[in-house]
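Q: Can you look at this prediction? I've put the sequence above it.
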Amino acid sequence: MKISPRIYAKSLVETAGKDNEKVARRFWHILQKNKQYRDLPKVLDAIDEEYAKLNGLGVAQVFSSAALALDEQAEITKRLETKFGYKVFLKQTIKPNLTGLMVKLNNQIIDMTLENKTEKLKNILISKK
């Protein structure tokens, strides 16, 4: 039976704090039995979202070319919480070809990549003609 990553995530979040080793082993067994072990990245993303929802947090996806240092993560989290007015759970995604940072929170995207800044400058120069 095909189970959605969201259902797996809800189940895992609800069992958090119990016998974690037993839960993890059983979870992996179920994924293999249902031939869904390739869905693990989707399940892990859904776990983050379920955890955030359970704790009243917004999920901010940060895209960068390399892993962010802890102080950088803290600064981004602080700025997002100030801007949006609620606590934020930060997730990182490494995109090696990216030059700069991109943050996605809910349906908003904050694009601080070199490509985006160059495009904005190009549009300003074109509109001044």
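A: Yep, it's here. Fair warning: this is a prediction, and the values are worked out from it, not measured in the lab.
Q: from here on, contacts and neighbour counts on C-alpha atoms
A: Will do.
Q: What segments of this structure are strands?
A: Along the chain, counting by DSSP state E, strands occupy 58-64, 88-94, 100-105, 108-113.
Q: Pick the most buried one from the ones you listed.
A: Greatest average neighbour count among the strands of the chain goes to strand 58-64 (a mean of 21), per mean count of other C-alpha atoms under 10 Å.
Q: Can you check the pLDDT for the nearest residue to residue 97 once chain neighbours are set aside?
A: Spatial nearest neighbour of residue 97, excluding adjacent residues (C-alpha to C-alpha, 6 or more residues apart in numbering): residue 65 at 6.3 Å. On pLDDT, residue 65 comes in at 92.
Q: what do you get for the one 4 residues further on?
A: Residue-level confidence at residue 69 comes out at 94, pLDDT.
Q: picking that back up, can you name the residues that contact the residue nearest to residue 97?
A: Going by C-alpha atoms under 8 Å, 6 or more residues apart in numbering, residue 65 touches 94, 95, 96, 97, 98, 99, 100, 101.
Q: Which pLDDT value belongs to the nearest residue to residue 39 once chain neighbours are set aside?
A: Distances taken as C-alpha to C-alpha, 6+ apart put residue 5 closest to residue 39, at 6.9 Å, once the chain neighbours are dropped. Turning to residue 5, the model gives it a pLDDT of 82.
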